[in-house]
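1. Here is a sequence together with a model predicted from it:
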Amino acid sequence: MNYIEFSAVKIVVSGRVQGVGFRYFIAQRANELELNGYTKNLFNGDVEIVAEGRREFVEALITKAKEGPRNSKVDFCKVEWLDFKKKYDNFEIY
């Protein structure tokens, strides 16, 4: 059986994650992994990521979010699994 599981996730990343190219880093990784969704800065200094696609690729994005780009410093990464609803057609930066 060739079953592919699809998932969706909301990730909130805290630390030095604004002004260091974090959203662009995430968008690039998401596009490489063929994930859809978005990333945006939050008013409190965190970055929010919502992504959906193949579960193994969503998990890979979570790993990348915990690492961040070179100039970032991730202190905490909150991961909330969501129901996959195929809500997005691409990956956006807001």
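-> Sure thing, it's come through. Numbers count the residues shown, from 1 in each chain.

2. I'd assumed Cys77 was in a helix, is it?
-> No: secondary structure of Cys77 (DSSP: H, G, I helix; E, B strand; the rest coil): strand, not part of a helix.

3. Tell me, how many residues neighbour it?
-> Neighbourhood size, Cys77 [other Cβ atoms under 10 Å]: 20. Placement of C-beta: from N, CA and C, glycine included.

4. what does the one 10 residues further on give?
-> Residues within reach of Lys87, counting by other Cβ under 10 Å, total 13.

5. just checking, it touches Glu52?
-> Yes: Lys87 lies in contact with Glu52 (Cβ atoms under 8 Å); the separation is 6.9 Å.

6. shared neighbours of these two, which are they?
-> Taking Cβ atoms under 8 Å, 6 or more residues apart in numbering as the contact rule, Lys87 and Glu52 both touch Ala8, Asn36, Gly37.

7. Now secondary structure and distance to Tyr24 too, for these, in a markdown table please.
-> Formatted as a markdown table, the shared contacts of Lys87 and Glu52 follow (DSSP: H, G, I helix; E, B strand; the rest coil; distance: Cβ to Cβ, whole Å):
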| residue | secondary structure | distance to Tyr24 |
| --- | --- | --- |
| Ala8 | strand | 22 |
| Asn36 | strand | 17 |
| Gly37 | strand | 15 |
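
8. Can you tell me which of those is nearest Arg23?
-> Set against Arg23, the nearest of those by Cβ to Cβ is Gly37 (11.9 Å).

9. Please report how far that closest one lies from Asn71.
-> Here Gly37 is placed at a distance of 23 Å from Asn71 (Cβ to Cβ, to the nearest Å).

10. Could you check how far the helix ranked longest in the chain is from the centre of its chain?
-> Assignment by DSSP state H gives helix 55-67 as the longest helix of the chain. In this view, helix 55-67 has its centroid 7 Å away from the chain centroid, taken as Cα atoms, centre = their mean, to the nearest Å.

11. Pick out whichever of the shared contacts of Lys87 and Glu52 sits closest to Ala30.
-> For the shared contacts of Lys87 and Glu52, the nearest to Ala30 is Gly37 (6.8 Å; Cβ to Cβ).
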